[in-house]
Each structure stands twice: as C-alpha cells, then as structure tokens.
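K.L.:
return atomic coordinates for the entry below.
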Amino acid sequence: MRYKPRLLAIMFTLACQVTLGQEVFDAHLHYTARDAARFSPTGIIHILDDAGISHAAITSQPPALVERLVAVAPQRIAPLLGVYREPADKQRWMHDSTLPTRLAAQLENGHWHGIGELHLFAADRDSDVFRQVVRLAKEYKLPLLLHADPAVIDTVYTLAPGLTVVWAHAGTFPYPDLVADYLGRYPALHIDLSVRDERLSDDDGLRDDWYELMVNFPERVLVGVDTFSTARWESYPRHAARIRQWLQTLPAGVAERIATRNAERLYLR
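P.N.:
Next comes the predicted model:
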C-alpha cells in the first residue's frame, strides 16, 4: 500500500520516536572553524545524542579541531586526519609538495583512525603528492576517505592493492551498476552513502537497484550525513532520520552491518 507523502512523513516521525535507540555510526562528518564558532564540542555531542548516533567518524579543517571532539567523547569519535588547513586547499592540496611531510608528522604524533576526506578527480590522479598520501595510508594501515572519480579508485589500487578505501557518496557517478562493478573488482573498497538519500529512496523505501546492491555487498556499505556546511549540523537530526527510514526497509542483518558494524570494523581501533 502506497501512502501519501505527508501521511508517510507523519507516520515515520512517530516511528522514529520509538526506534531512535537503534544504533547508527555516522561515517562521514566534518567539523570546520565555522562550525566550531556555532557549536562547541559539547554541542556537537548533544546533536549526535539527539539523533541517536552511537559513534561518528569526523574530519576537521583545520585538522586539530577534531581533537577537541575526541577530548569530550573519546569512545564515540573516530578522528580522521584531514589535510585541508583552509577552504582553498580542497582544490590545490594535490600540488602542495609540503603536505606529505606534514601528514607524516601528524600521523607519527597522533592517534588517527583514518585519512581524509580527499577531493581528487581524474585529471590529477597521477599527482606525486597523492601517491605519497596513498603510501602513508598503507604504511599506517588507515582507511582513506576519497571523494573521487572512478579513475582515481583504479589508480589507488594500482599503487596499493590491499588498501582500505571508503569511496565517499558512492563516487562521483553514483550508479548502482557502476558501483557494484567497482566493489566486485576491489575487495578492500567500501562506499559511504552520504548525501545520496534522494537517489537511494523514495516514499516507499529503497529503490530496487540500490536495495540489490546493499544486499549483495552488505559488508561494504556505510552511512553518513556529511556536514559539509554548518546548516547540515543545524538540521542534522532530520538527515539522520532519513537514513533510518531507508535502513528499516532492509533485512535486519544487512541493516545492522550498514548502520554500524562496517564502520566499527574500519574506524574503531
């Protein structure tokens, strides 16, 4: 039976009030200087509490900011080492010859659970800086969070065949057939589904092609809200609720892996 969207939204809101205790590990969050001006570390933890989030993998700009979150909730926050010190680095990091040395020093002195998010597209996939970052991820056995074209994923696995990679947003071309092909090619590749909810699902739940992908690769999928702006933190519970909505349409074991277990395996150490 197909409910009208408004009625379904009301029913789901009521359901969330009952099922909010269901664990979710958010595997893709950002905490920037602008976010920190609006929300203290304690404020961020309260947002996660309100949304029923058990753990979170968070990267920050500048990188030291995430350490404030870890200090408040060390058992809940998996800190990812970001490489951007300011917004412009998002476009130019792959040409910064000083970055690998700086990154190596931070990895040596910190307790990081991953590296990224790194934005990289096909034209820059042969960057020597990127190659060194891949080498460091392999050396320290850390997952690498990439916002990247398929060609970049191919390059990573030419350089480091066994490296754990989380392909942010299911890639820049998030078509289930393409994603399934890449998951089949590379056993260490995972995807996160942040900011893809409208592609994944409608008012009746997951679309068939995405449902099939998740059931076929239940141990390779993670979820996240992706707080790419302060506004996403302000509306965080609503985005987390949307994720819960489509998770509930999956078989229970598959939903549990995608909601928490996969991220725990990759990021809790």
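K.L.:
just so I have it, where are all the strands in this protein?
P.N.:
Listed in chain order, the strands of the chain (DSSP state E) span residues 25-32, 55-61, 77-81, 114-120, 144-148, 165-167, 189-192, 201-202, 205-206, 221-222.
K.L.:
which residues touch His28?
P.N.:
Each residue near His28 by CB atoms under 8 Å, 6 or more residues apart in numbering is listed here: Ala57, Glu117, Leu145, Val166, Ala168, Asp192, Ser194, Leu222, Gly224, Val225, Asp226. For every residue, glycine as well, the C-beta is placed using N, CA and C.
K.L.:
the residue nearest to it when sequence neighbours are not counted - how many residues pack around it?
P.N.:
Leaving out its chain neighbours, the residue that sits closest to His28 by CB to CB, 6 or more residues apart in numbering is Gly224, at 2.9 Å. The burial metric for Gly224, expressed as a neighbour count using other CB atoms under 10 Å, is 26.
K.L.:
tell me how far Leu266 lies from Leu163.
P.N.:
With distances taken as CB to CB, to the nearest Å, Leu266 is found 12 Å from Leu163.
K.L.:
likewise His28?
P.N.:
Shown here: His28 relative to Leu163, a distance of 18 Å by CB to CB.
K.L.:
could you do Pro176 as well?
P.N.:
Distance check for Pro176 against Leu163: by CB to CB, it reads 24 Å.
K.L.:
identify the residues contacting the nearest residue to Phe25 once chain neighbours are set aside.
P.N.:
Closest residue to Phe25 in three dimensions, ignoring its sequence neighbours and counting by CB to CB, 6+ apart: Ala263, at 3.9 Å. With CB under 8 Å, 6+ apart as the criterion, the residues that contact Ala263 are Phe25, Asp26, Ala27, His55, Ala57, Ala78, Leu222, Val223.
K.L.:
now swap in Ile115 and tell me
P.N.:
The neighbours of Ile115, taking CB under 8 Å, 6+ apart as the test, are Leu80, Leu81, Val83, Leu103, Leu107, Val133, Leu136, Ala137, Leu142, Pro143, Leu144, Leu145.
K.L.:
go again with 10 Å.
P.N.:
If you count contacts by CB atoms under 10 Å, 6 or more residues apart in numbering, Ile115 has them with 59, 80-83, 103, 106-107, 133-134, 136-137, 140, 142-146.
K.L.:
ok so, going back, Trp233: which of the strands of the chain is closest?
P.N.:
strand 25-32 (8.5 Å; CB to CB).
K.L.:
could you give the angle of that closest one to strand 144-148?
P.N.:
Calculated by axes from the mean of the first three to the mean of the last three CA atoms, to 10 degrees, strand 25-32 forms an angle of 70 degrees with strand 144-148.
K.L.:
relative to strand 114-120, how tilted is strand 25-32?
P.N.:
With the same axes, to 10 degrees as the criterion, the two stretches strand 25-32 and strand 114-120 enclose an angle of 70 degrees.
K.L.:
over to the residue nearest to His28: give its phi and psi.
P.N.:
In terms of degrees, to the nearest 10, the main-chain angles of Gly224 are phi -170, psi 160.
K.L.:
was I right about Thr249 contacting Asp208?
P.N.:
No: contact status for Thr249 versus Asp208: not in contact, 11.0 Å apart, counting by CB atoms under 10 Å.
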